[in-house]
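K.L.:
Okay, sequence plus prediction incoming.
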Amino acid sequence: MNNRVFKRKKAVAVILAVVVSAVAVTVYLTWLKPNEFEPTEVYGSVELPSPETTGTVSVEEAIQRRRSIRSYTDEPLSLQDISQLMWAAQGITDPARKFRATPSAGATYPLELYVVVGNNCVTALSGGLYRYDPSEHRLEYIFKDDLRSSVAEAALGQSWVREAPINIVIAAVYERTTNRYGERGIRYVHMEAGHVGQNLYLQAVARGLGMVVVGAFHDDQVQGLLQLPTDQKPLYIIPIGHPK
């Protein structure tokens with residue numbers, strides 16, 4: 001073989017190897033591992049109690065009893081309630097593979113969960129804004145203010161948002177899924193948000209709680225109130241409390 005041809009083929013092989021390696025690393029980092037969000041400021045974290053995986057309400061009964069509840073008492077939620085809700089929504093149920101309670105296209109996990117807590121509305125938890133950290137099953141304390149009235153205003157004045165002890169806000173980082181699936185990934189993100197909503201409904205029933213999913217709100221206003229990163233888009237506001 002001509003020496004020049006040999007060198008040329010060798011150079012092409014090296015370039016191809018570099019390209020393949022780069023693609024493999026990108027796949028591992030971008031596709032197989034969901035991006036970790038690091039808030040710019042955290043006042044501390046709250047370790048949640050371990051989730052309970054057995055209960056007294058069957059899946060069939062929870063489905064039968066599931067309703068949208070918009071009126072709540074003043075009774076505070078317990079920290080165990082918060083633990084169960086977070087676990088049902090995005091908790092890790094397969095520690096070895098880091099799979100979560102709700103299905104996610106390609107395990108890309110594009111959703112971020114925030115909890116807007118009112119003052120004196122959750123035992124052992126101060127009022128403010130929290131972000132759920134699934135990997136550690138804990139809440140990161142981001143804001144100290146009771147934001148319920150402001151969030152209700154952004155939600156077209158819906159009173160149940162203001163009156164509920166807590167509101168779970170689900171935000172999406174679309175790129176985590178669209179980087180793998182292209183534009184169709186947008187549909188997959190919305191499907192996942194629906195899975196989370198139904199899991200929360202059923203868990204709420206099992207805990208004797210009531211909730212409603214709210215989709216009518218000004219996106220930019222909610223994003224600004226919670227000071228979400230620009231790549232996080234709010235999809236749901238979910239008031240939860242003891243039914244009145």
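P.N.:
Cool, got the structure. Residues are numbered from 1 along each chain as shown.

K.L.:
Quick one: residues contacting the closest residue to Q232 other than its chain neighbours.
P.N.:
Distances taken as CB to CB, 6 or more residues apart in numbering put A171 closest to Q232, at 4.2 Å, once the chain neighbours are dropped. Backbone N, C-alpha and C define where each C-beta goes, glycine included. Going by CB atoms under 8 Å, 6 or more residues apart in numbering, A171 touches 111-114, 223, 226, 228, 232-235.

K.L.:
go with 6 Å
P.N.:
Residues counted as contacts of A171 (CB atoms under 6 Å, 6 or more residues apart in numbering) are 112, 228, 232, 234.

K.L.:
now the strands for this structure?
P.N.:
Remark: strands assigned in the chain by DSSP state E are 44-47, 92-94, 99-100, 111-117, 128-133, 138-143, 166-172, 210-211, 233-241.

K.L.:
With respect to R67, which of those lies nearest?
P.N.:
Each of the strands of the chain was scored for nearness to R67 using CB to CB, and the closest is strand 210-211 (7.6 Å).

K.L.:
what packs against that closest one?
P.N.:
Applying 3 or more CB pairs under 6 Å, 6 or more residues apart in numbering; DSSP states H and E, we find strand 210-211 packed against no helix or strand.

K.L.:
ok, the residue nearest to T73 when sequence neighbours are not counted to S83 distance?
P.N.:
Excluding the flanking residues, the one nearest T73 by CB to CB, 6+ apart is H242, at 4.6 Å. Separation of H242 from S83 (CB to CB, to the nearest Å) stands at 17 Å.

K.L.:
And for I238?
P.N.:
Distance, I238 to S83, using CB to CB: 16 Å.

K.L.:
In terms of neighbours, single out the busier of those two.
P.N.:
Remark: of I238 and S83, I238 carries more neighbours, 26 against 20, as counted by other CB atoms under 10 Å.

K.L.:
The more buried one contacts V213, correct?
P.N.:
Yes. Counting by CB atoms under 6 Å, V213 is a contact partner of I238 at 5.4 Å.

K.L.:
what about stretch 67-84, average pLDDT?
P.N.:
Stretch 67-84 shows a mean pLDDT of 98 in the predicted model.

K.L.:
Under the pLDDT cut-off, which ranges of the chain? List them.
P.N.:
Applying pLDDT under 70 to the chain flags the ranges 1-42.

K.L.:
OK, contacts around D219?
P.N.:
So D219 contacts P234 (CB under 6 Å, 6+ apart).

K.L.:
picking that back up, count of neighbours near the residue nearest to T73?
P.N.:
Residues lying near H242 (other CB under 10 Å) number 19.

K.L.:
again with A89
P.N.:
Neighbour count for A89, taken as other CB under 10 Å: 23.

K.L.:
what sits against it?
P.N.:
Taking CB under 6 Å, 6+ apart as the criterion, A89 is in contact with 113, 196, 199-200.

K.L.:
Quick check: the closest residue to A124 other than its chain neighbours vs Y141, distance?
P.N.:
In space, not counting the residues next to it along the chain, A124 is nearest to L79; the distance is 5.0 Å by CB to CB, 6+ apart. With distances taken as CB to CB, L79 is found 13 Å from Y141.

K.L.:
Skipping adjacent residues, who's closest to L156 in space?
P.N.:
Sequence neighbours aside, A216 is the residue nearest to L156 in space, at 5.4 Å (criterion: CB to CB, 6+ apart).

K.L.:
I'd like the distance between that neighbour and W160.
P.N.:
Distance, A216 to W160, by CB to CB: 12 Å.
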